[in-house]
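> Task: produce atomic coordinates for the following.
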Amino acid sequence: MSGSDSHRIPPNRVGLSLVLLLVAWLVFSFYPREQKPPPAAPPPVAESKLRAVGLRDNLDWEGLPEFFAIWADWAEWSDGKTRFAYWHPVMKTYSYYFEATRIDGGYRFKEIPEPKDDMMVWSDQLGDEVPIQFYVYDPELKIRVHHHEHPHRDGSILPRSEPDKLPVDLPQKTMGPQIPEVSPPVTKRVPDKK
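Numbers count the residues shown, from 1 in each chain. Model (predicted):
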């Protein structure tokens, strides 16, 4: 053997090494590994207090369910439903309108347009410190609630009227350039010479 042949690896060892590497790779590839659990679903978002009673989220309505529960015995119920107005803190009038429905252990609410019924009126029984005014049936009063009539904080219904008009006496000015009045020039009369 020559010196260069002593450093050569026999071909059968090279083939055996390649086969062993291939088998090790296949075993590693198909060996069952520990499965990671799927990512946890995000925690459910808690339903807001207003959505739980059928309303959309609105900061002006935050106390509505609690206030209504306090004063619900004063409402006039018909088929388990009543209508009421709720105080608008910016507009300073009862301008939110709702229908409440009795359910087991509580109430559900639905926002409605302003009620317009010939035989219904706004009740004044709760006073001016309560943010709720109920809409009640009153056949003897027979007041027609129009769109231009709104309940006020004291519960009364006052129609909107035209503002008082005050007479104002302003001098009439003409349009255009202002020309000062000038008197004609004074001329002396000279006697005629004869």
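> where are the low-confidence patches of the chain?
Within the chain, the stretches with pLDDT under 70 are 1-6, 118-119, 138-166, 168, 170-194.
> how does it look with 50?
Within the chain, the ranges that satisfy pLDDT under 50 run 142-150, 153, 155, 160-161.
> who touches stretch 41-59?
Stretch 41-59 is contacted by residues Trp61, Glu62, Leu64, Pro65, Phe98, Gly106, Tyr107, Arg108, Phe109, Lys110, Glu111 when judged by C-beta atoms under 8 Å, 6 or more residues apart in numbering. (C-beta placed from N, C-alpha, C; glycine too.)
> what would those residues look like in CSV with distance to Phe30, neighbour count and secondary structure?
Formatted as CSV, these follow (distance: C-beta to C-beta, whole Å; neighbours: other C-beta atoms under 10 Å; DSSP: H, G, I helix; E, B strand; the rest coil):
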residue, distance to Phe30, neighbour count, secondary structure
Trp61, 62, 20, helix
Glu62, 61, 13, coil
Leu64, 63, 24, helix
Pro65, 61, 19, helix
Phe98, 66, 21, strand
Gly106, 59, 14, strand
Tyr107, 63, 20, strand
Arg108, 59, 15, strand
Phe109, 61, 19, strand
Lys110, 61, 14, strand
Glu111, 62, 14, strand
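> May I see the residues you listed organised as a markdown table, with distance to Arg8 added?
As requested, those are exported to a markdown table (distance: C-beta to C-beta, whole Å):
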| residue | distance to Arg8 |
| --- | --- |
| Trp61 | 90 |
| Glu62 | 88 |
| Leu64 | 93 |
| Pro65 | 91 |
| Phe98 | 95 |
| Gly106 | 91 |
| Tyr107 | 94 |
| Arg108 | 90 |
| Phe109 | 92 |
| Lys110 | 92 |
| Glu111 | 92 |
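> Show me which of the residues you listed is closest to Ser123.
Of all those, Phe98 has the smallest distance to Ser123: 14.6 Å, by C-beta to C-beta.
> what's the closest non-adjacent residue to the closest one?
Phe109 (5.1 Å; C-beta to C-beta, 6 or more residues apart in numbering).
> Identify the residues contacting the one you found.
Taking C-beta under 8 Å, 6+ apart, one finds Val53, Gly54, Leu55, Leu64, Pro65, Phe68, Phe98, Glu99, Ala100, Thr101 in contact with Phe109.
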